[in-house]
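**Student:** This is a predicted model, with the sequence first.
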Number of protein chains: 2
Amino acid sequence: MTDQDAPFVTRCYELALESYTEGGLPIGSVLVRDGRILGEGHNRRVQQGDPIAHGEMDALRNAGRLPHYRGTTLYTSLSPCMMCAGTIVQFGIPRVVVAENRNFGGNEDFLRERGVRVDVVDDARCTALMARFIAEQPALWNEDIAEA
Amino acid sequence: MTDQDAPFVTRCYELALESYTEGGLPIGSVLVRDGRILGEGHNRRVQQGDPIAHGEMDALRNAGRLPHYRGTTLYTSLSPCMMCAGTIVQFGIPRVVVAENRNFGGNEDFLRERGVRVDVVDDARCTALMARFIAEQPALWNEDIAEA
């Protein structure tokens, strides 16, 4: 992680915590270009009853229409699922910074094989918050990753 | 294509046409289980300024929260991009019916390798509508598939 990355990882944690306090899944994400946030968001499955609103998807939606994603970095508090990983590849996002992949992961190689730079920074705050949520709300967590 | 599939392919075309008449990308989709529509939608990039609202994603969003996707079929007027294909795999949707893949395709094998049944029915209405849109609005089409 570079010094430039640190505040955006912290912002992911803050967004995750915001979602947690709303009763939602604590996963936050920020899309950045040239040190500027283009869009940020968090999981909204509970808040909006929206199954596609994972943190990364919400950040991309809030960034709105962009002519291209060159030069962007997508920060996320939790390693991307297959939906979000597919979206990163489709949109041509060149770099992903993953705060943690201890609670969920497995698509890092899918991304790297398609030319995406993936940096996992192992953030203790994001790991602890996600682990707490999974212990408290296992059914909601399984629903979010479609594991019956 | 089975007799059961035909009306849902037609519904995808109708939804695509609805989006086209709104000035949007003509791509429609329907999520079905046991012959019943759980959710339907169309691309809303133009209508809502939402880059993740591809037809398939909009149908899944409109279906709302589901405990699982077993037994579902996702119908789509156009072959799924990598975002939508990743979502199909993540959600565990077992079957996709693609109205056409002449104008866009390439993720059929990705899906099949992950156990998804993919049927391409080569619908002439969907093919003609999509081709017309791409000829009329090439910049918008390229934006939607993130090709600069």
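**Tutor:** Okay, I see it. None of the values given here were measured: they were computed from a predicted structure.

**Student:** distance of the closest residue to chain B within chain A from B:Gly86?
**Tutor:** For chain A and chain B, the shortest gap (CB to the nearest CB) falls at A:Gly86, measuring 2.1 Å. No exception for glycine: its C-beta is placed from N, CA and C like everyone else's. A:Gly86 sits 2 Å away from B:Gly86, going by CB to CB, to the nearest Å.

**Student:** before we move on, what about A:Gly92?
**Tutor:** Distance from A:Gly92 to B:Gly86, by CB to CB: 14 Å.

**Student:** picking that back up, for the residue of chain A closest to chain B, pull up the helix or strand it's in.
**Tutor:** Per DSSP states H and E, A:Gly86 falls inside helix A:82-91.

**Student:** Give the pairing partners of the next helix or strand after that helix; include direction for each.
**Tutor:** Proceeding N to C from helix A:82-91, the next assigned helix or strand is strand A:95-98, under DSSP H and E. Paired neighbours of strand A:95-98 in the sheet (DSSP bridges): strand A:72-76 (parallel), strand A:117-120 (parallel).

**Student:** Double-check the residue of chain A closest to chain B against B:Met82; I have them as touching.
**Tutor:** Yes: using CB atoms under 8 Å, A:Gly86 is in contact with B:Met82, at 4.5 Å.

**Student:** A:Asp143: how many residues sit nearby?
**Tutor:** I think there's a mix-up here, since residue A:143 is Glu and not Asp. For A:Glu143, the count of nearby residues is 19 (other CB atoms under 10 Å in any protein chain shown).

**Student:** give the contact list for the most centrally placed residue in chain A.
**Tutor:** Nearest to the geometric centre of chain A sits A:Thr76, at 3.0 Å (CA atoms, centre = their mean). By CB atoms under 8 Å, 6 or more residues apart in numbering or on different chains, the residues touching A:Thr76 are A:Cys12, A:Ile27, A:Gly28, A:Ser29, A:Gly55, A:Glu56, A:Ala59, A:Cys84, A:Val96, A:Val97, A:Val98, A:Ala99.
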